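Peer 1: Build me a model:
(one chain, ligands or ions: 1)
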Amino acid sequence: MPGTPSHPAGGVPRRAILGTALACGTALSARGQQPASSGQEGPGLWEIARGRGITFGAAVQANLLASDKAYEAAFAREAGILVPEFEAKWSTLQPKEGEFDFTQLDAILQWGQARGRATRGHALVWHTSFPQWAVEALAEGAPRARAVMGAHISKVLSTTRLRIRDWDVVNEPVADPPGSDTPQAEGELRDSPFLRALGPSYIETAFRMAREQDPTLRLVLNDYGVEEDTPWAAEKRRRLLALVRRLVQARVPIDAVGIQAHLQMDRPFNPQVFGDFVRALRAEGLSVLVTEMDIREASNMPDDYVARDRLVAERASAFVSSALEAGVKTVLTWGLVDRYSWLVIEPAVGRRDGKLHRGLPLDWEYNRKEMWHAMARLFAAV
Ligand code: 9MR
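Peer 2: Predicted structure coming up:
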């Protein structure tokens, strides 16, 4: 029956909830608690989008590609471009100084190459998934910080040369405006080991190092929190745009801005405001990509799956159509299936009422949801 609460409520650790839900996912649909599935047949989102010159892809995890056949099939069906969810982050690639491990990234690259799917790189310089040895090394001073950052960029780009053509060079450099939970820098740039060691010029340095290593790569600055129509997001937009303009004026080799798009249903979305922001970035001569889209449900949403999925799909539709109208050509979701979404795995972003977010195109059973159909309609109509 639609509307029946799907999973145990509060008081249970989220990972336990996830385990229970994983174990009984099939039973849930068998009991009719999931909306009628719309199957997995017919062309995938990437093929539909490709017909209109749009790239659709998603973040993927190497271990799941290897261990879950249905997950692998979903990626084969839907994703034209792959983004390693953590396999190209610093702590995975260089867990100890000078000791690089490309095994997991290689697994994604090989899987993609065998199927003609590109992989984009995420992320060279980021304050998270950044190992303690590197935090300490950067704290030793600017020359050491520059050397450590240069060695990482150089090794990663030379090893992935010709296999990855597009990189998030700097991820999340803009500080959250006041009123956030995250620790704040005084200025408009995020407090990070890179900022502390090298000052604001670390961004420019990273882009120049990447360009020097491989002049043909598309170099992207990726950030979040700029999508919605709130004063907080307006301030974050202002900061990001100001940063991008400074970089362009200083002739820093930046090609594109990635907008993560971790959307939240409890925040208003205004297509005009967002579209204007994308156009302002493009007016600087840059491409704009949607890099990590997913949709966090609000706790006051209806219980019923059909109604929930419809609301999520409406938000996806409003957002993606505004992005496409403003000239975005690449739309990537952060995962494909709700089952493995960070929105259900990370307690900090989970629903407080114990329900599990349904913020990706495919449901727990890998079936296409309303969000999938909303995106398919937009991609077909561009
Ligand atoms: O989804 C990713 C999660 O599995 C990782 O544990 C986490 C830390 O590496 O990063 C998550 O992905 C983030 C992305 O790299 C940058 N933007 C926000 C994403 C969600 O936190």
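
Peer 1: pLDDT value on the closest residue to the ligand within the stretch 201-350 of the chain, please?
Peer 2: Proximity of the stretch 201-350 of the chain to the ligand (CB to the nearest ligand atom) peaks at residue 342, 3.7 Å away. The C-beta positions use only the backbone N, C-alpha and C, and glycine is treated the same way. Looking at residue 342, its pLDDT stands at 98.

Peer 1: got it, and the one 10 residues further on?
Peer 2: Model confidence at residue 352, given as pLDDT, is 89.

Peer 1: I'd say it and residue 297 touch.
Peer 2: No: counting by CB atoms under 8 Å, residue 352 sits too far from residue 297 to count as a contact (10.9 Å).

Peer 1: So for the two, which residue has more residues nearby?
Peer 2: Neighbour comparison, residue 352 and residue 297: the larger count goes to residue 297, with 22 against 9 (by other CB atoms under 10 Å).

Peer 1: contacting residues around the more buried one?
Peer 2: By CB atoms under 8 Å, 6 or more residues apart in numbering, residue 297 lies in contact with 265, 308, 311, 312, 351, 355, 357, 358, 359.

Peer 1: Near the ligand, which residues of the stretch 101-250 of the chain? Just list them.
Peer 2: Where proximity means CB under 6 Å from any ligand atom, the interface of the stretch 101-250 of the chain facing the ligand comprises 128, 129, 171.

Peer 1: And the strands in the stretch 201-350 of the chain, which stretches?
Peer 2: 218-223, 256-259, 262-264, 287-296, 330-333 (DSSP state E, counting those that start in this stretch).

Peer 1: What pairs with the shortest one, parallel or antiparallel?
Peer 2: According to DSSP bridges, strand 262-264 forms sheet pairs with strand 287-296 (parallel).

Peer 1: what's the angle between the partner strand and strand 218-223?
Peer 2: Interaxial angle of strand 287-296 relative to strand 218-223 (axes from the mean of the first three to the mean of the last three CA atoms, to 10 degrees): 40 degrees.

Peer 1: Burial check on residue 296, number of neighbours?
Peer 2: 19.

Peer 1: do you know how far it is from residue 355?
Peer 2: Distance of residue 296 to residue 355, computed by CB to CB, to the nearest Å: 12 Å.

Peer 1: quick one: common contacting residues for these two?
Peer 2: With CB under 8 Å, 6+ apart, residue 296 and residue 355 have no common neighbours.
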